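**Q** Build the 3D model from these lines:
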Amino acid sequence: MSQKASSFQAPLTAAFHHAIDYLTPTSSSSVAAIADLATLRTKLSLPLEESGRSATEIIDELVKAVEGGIVDSSGPRFFGWVIGGSLPAALAADWLTSAWDQNAGMYATSPAAAVVEEVVGAWLKDLLQLPATASFALVTGCQMAHVTCLLAARHALLARRQWDVEKEGLAGSPPIRILTSTELHGSTIRAVRMLGLGEKHIQSLPVDANGRLREDALVEALETSPSQPTIVILQAGDLNIGAFDDFAKLIPIAKKHGAWVHVDGAFGLWCAASPRLRHLLNGAHAADSWTTDGHKWLNVPFDCGYAFVADPAAHRASLSYRASYLTHASDARDQMDWNPEWSRRGRGFATYAALRQLGRQGIADLIERTCHHAHALVTRIGSLEGAEVIWDPQINQGLVRFLSLGEADHDAFTDRIIAEILASGEAFFTGTTWHGRRAMRVSVCNWQTSAQDVDRIVACVDKILQATREKNPVPDPTTHVTNPLRNLAEGYTAAWCSQNPASVAAFYSPDGSLTINDGPAAIGRAAITEAAQGFMTSFPDLKVFMDNLAIHADRAVYHWTLQGTNTGPGGTGKRVRISGFEQWRIAADGLIAESNGHFDSAEYQRQIERGVDDPR
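**A** Alright, predicted model coming up:
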């Protein structure tokens, strides 16, 4: 064995065994990290020694020092944020990428890396049903993919106005506005900042009940300043509910007004590889640029993202650079012409291996299988006592909320249950705030997740909820002493669940009034009883939950969620779940003198007709 080989063999062999131990954990291993910050700092913050140490010794000590601080984000029971795992072929190729240690900046620095990226780019465009003529870049993730695409957009839009941004800079240039929805991801905002376009130039437009940018809102915004250079950013799978904008309608509208259309498809763009889901991307091929990640649904190791641009000339002009000390190929692709990075890792090798291991059918199966597991997790956890489904996944993203029957703050209770799930070590979820309510995100991307994992996690959550109920039983309303308005709200909530409309009216002063969505007021207890009877008749299984109660002197804002099945006379049989609020004025007798209620009547009617689970 050569001296060079012997120098590497022992530390790499040690690393291999440590890696296999990590990749094959025991069934009791925690998904979440269990070491605290102080412990990790103590074990890792050592004095830097004057003399070096054996490579193998350092690897063994490093593994021991980080023990408990590694999150099993590559494992089958990790559902936080949107993070995939690593396919065996992709992981092995990534090891080789480190061993080969190529600077994949130009063909001259690594011919194999350059050609692999050529091949991978063509495969990806085919799988994702993007134009074959589009240019592409392999970058660190969607953050830099957005930067890459928006660099091309900035170049093209300003070039149309005879402004050479690469030469002149942005000072004095026509300001570019960005039109997008309220569901814009933070990585896009950061890209806008990095490019000097200015966050104040982002205009967030309203979405419909399914999280899609409204057509009328986009048209109105475009027509407000028709000559201004504009980027329209659309979503292919937003981070909370996996919503897809209506590309077939919105892209032609934006193009008619001369806008550059960018599609953020961090994970949703992969739905194009699934025959069952690709309809969600109808019309998306007509955009100007697209982004997605490899380290999410393709299960390529971190870090790996992909940028695609329909106008290769704009893409190249925004990034390409020439110097006498560089060796450029005349008949091959130099990656630095298309990438923000100059010195860069050979990311193409892992992607190449992942695509070949799975094949077309394997990729489609991975997408559809994880969507199935996401649906099972959301619906089964949401059906447990003390939980509800906030959003049933149309792809692999859904939302669940936890409801405390003994306290009004369901937001805090939801965060508490998420924390207890993490502490159990059984699974990893993260929280989010959606439409003003805290919820647990369920995001399934990992190729290893199985039906057995789903069963295990549902049992874990059920056990935690049951233990919480036993530890904190619902207070007896006859002995529960707190703020009188909170007592009133808790009793009012219970009355709506009682199928006794008169018990609802009993919480109003004799001449109190109830107004819903600025309609005619129901004045007096008899009229309020009749109004409550209407809801209870329509929904024989009516349940109302108090989401929050904001108390202000003699006033209160009562936030609620109503759910039930419309099986009353003439009902549609559809399940409805709608949230709203009532503004109360409290009378001297401590009862409700006036209640002004509000909820989304259009969404309520849609659910009556189609049901809450129908995303159309």
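
**Q** Count the residues that sit near Gln129.
**A** Gln129 has 14 neighbouring residues, counting by other C-beta atoms under 10 Å. Where you see a C-beta, it was placed from the backbone N, CA and C, and this is true even at glycine.

**Q** Now for it: which residues touch it?
**A** Neighbouring residues of Gln129 by C-beta atoms under 8 Å, 6 or more residues apart in numbering: Ala272, Arg278, Leu281, Ala284, His285.

**Q** The second one touches Ala272, doesn't it?
**A** Yes. Here Arg278 reaches Ala272: they are 4.9 Å apart, a contact under C-beta atoms under 8 Å.

**Q** quick one, which of these two is more surrounded?
**A** Comparing Arg278 with Ala272 by other C-beta under 10 Å, the one with more neighbours is Ala272, at 25 against 17.

**Q** check contacts around that one.
**A** Here Ala272 is in contact with Leu127, Leu128, Gln129, Arg278, Leu281, Ala284 (C-beta under 8 Å, 6+ apart).

**Q** For the spatially most central residue of the chain, pull up the helix or strand it's in.
**A** Nearest to the geometric centre of the chain sits Leu239, at 1.9 Å (C-alpha atoms, centre = their mean). Using DSSP states H and E, Leu239 falls within no helix or strand.

**Q** Show the model's pLDDT score for Gln162.
**A** Per-residue confidence at Gln162 stands at 95 (pLDDT).

**Q** The one helix or strand in the chain whose mean pLDDT sits lowest - contacts with which helices or strands?
**A** Least confident helix or strand, the chain: strand 543-552 with a mean of 81, by mean pLDDT, DSSP states H and E. The contact analysis (3 or more C-beta pairs under 8 Å, 6 or more residues apart in numbering; DSSP states H and E) places strand 543-552 against helix 410-424, helix 484-496, strand 555-565.

**Q** Now distance to Arg585 and mean neighbour count too, for these, in a markdown table please.
**A** Listed next are these as a markdown table, based on distance: least, C-beta to C-beta, whole Å; neighbours: other C-beta atoms under 10 Å:
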| stretch | distance to Arg585 | mean neighbour count |
| --- | --- | --- |
| helix 410-424 | 24 | 19 |
| helix 484-496 | 12 | 19 |
| strand 555-565 | 6 | 19 |
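
**Q** wait, which of these is closest to His17?
**A** His17 lies closest to helix 410-424 among those, at 28.7 Å (C-beta to C-beta).

**Q** ok, back up a step: just read off the phi/psi values of the residue nearest to the centre of the chain.
**A** Leu239 has phi and psi values of phi -70, psi -20 when expressed as degrees, to the nearest 10.

**Q** Not counting residues beside it along the chain, what's closest to Asp164?
**A** In this structure, Asp164 finds its nearest non-sequential neighbour in Leu158, 7.7 Å apart by C-beta to C-beta, 6 or more residues apart in numbering.

**Q** Could I get the pLDDT score of the closest residue to Asn446 other than its chain neighbours?
**A** Nearest residue to Asn446, sequence neighbours excluded (C-beta to C-beta, 6+ apart): Gly85, at 4.3 Å. Listed pLDDT for Gly85 reads 92.

**Q** Regarding Gly85, what is its secondary structure?
**A** Here Gly85 takes the coil state, with states given by DSSP: H, G, I helix; E, B strand; the rest coil.

**Q** okay but it is in contact with Trp447, surely?
**A** Yes. If you go by C-beta under 8 Å, Gly85 and Trp447 touch, sitting 5.8 Å apart.

**Q** what residues are shared contacts of these two?
**A** By C-beta under 8 Å, 6+ apart, Gly85 and Trp447 have these common neighbours: Asn299.

**Q** From the contact counts, what lies against the helix or strand containing the residue nearest to Asp164?
**A** Using DSSP H and E, Leu158 maps to helix 142-159. For helix 142-159, the packing partners by 3+ C-beta pairs under 8 Å, 6+ apart come out as strand 135-139, helix 165-168, helix 186-194, strand 230-235, strand 260-264, strand 289-293, strand 305-309, helix 312-319.

**Q** gap between it and the chain center?
**A** On the basis of C-alpha atoms, centre = their mean, to the nearest Å, helix 142-159 sits 23 Å off its chain's mean C-alpha point.

**Q** Report the mean per-residue pLDDT for that helix.
**A** Per-region confidence: helix 142-159 scores 97 on mean pLDDT.

**Q** repeat for stretch 13-29
**A** What stretch 13-29 shows for mean pLDDT is 91.

**Q** What are the buried residues along it?
**A** Using 16 or more other C-beta atoms under 10 Å as the test for burial, stretch 13-29 gives Ala14, Ala15.

**Q** Repeat that for stretch 572-592.
**A** 572, 574-584, 586-587, 591-592.

**Q** for this structure, what's the longest helix?
**A** If you go by DSSP state H, the chain has its longest helix at helix 348-382.

**Q** what's the very next helix or strand once past that helix packed up against?
**A** Tracing the chain C-terminally past helix 348-382 and defining elements by DSSP H and E, one meets strand 387-391 next. Counting contacts by 3+ C-beta pairs under 8 Å, 6+ apart, strand 387-391 is packed against helix 348-382, strand 397-402, strand 437-443.

**Q** List the strands paired with strand 387-391, with their directions.
**A** Each strand that pairs with strand 387-391, with its direction, by DSSP bridges: strand 397-402 (antiparallel).

**Q** Please state the offset of the partner strand from the chain centre?
**A** A distance of 12 Å separates the centroid of the chain from that of strand 397-402, by C-alpha atoms, centre = their mean.

**Q** got it, and stretch 164-174?
**A** What separates the centre of stretch 164-174 from the centre of its chain is 34 Å, taken as C-alpha atoms, centre = their mean.

**Q** Show the end-to-end separation of it, please.
**A** End-to-end distance of stretch 164-174: 11 Å, with C-alpha to C-alpha, to the nearest Å as the criterion.

**Q** Same question for stretch 240-258.
**A** Length of stretch 240-258, first residue to last, C-alpha to C-alpha: 30 Å.

**Q** Average pLDDT for that stretch, rounded please.
**A** The average pLDDT within stretch 240-258 is 95.

**Q** residues near Leu234, how many?
**A** Using other C-beta under 10 Å, the number of residues around Leu234 comes to 27.

**Q** Which residues are in contact with it?
**A** So Leu234 contacts 180-181, 213, 245, 247, 250-251, 261-264, 284, 287 (C-beta under 8 Å, 6+ apart).

**Q** for those, which one is nearest Ser98?
**A** Asp264 (30.0 Å).

**Q** circling back to that earlier point, with respect to Pro229, which of the buried residues of stretch 572-592 is nearest?
**A** Looking at the buried residues of stretch 572-592 and their distance to Pro229, the nearest is Ser579, at 38.9 Å (C-beta to C-beta).

**Q** Much appreciated, bye for now.
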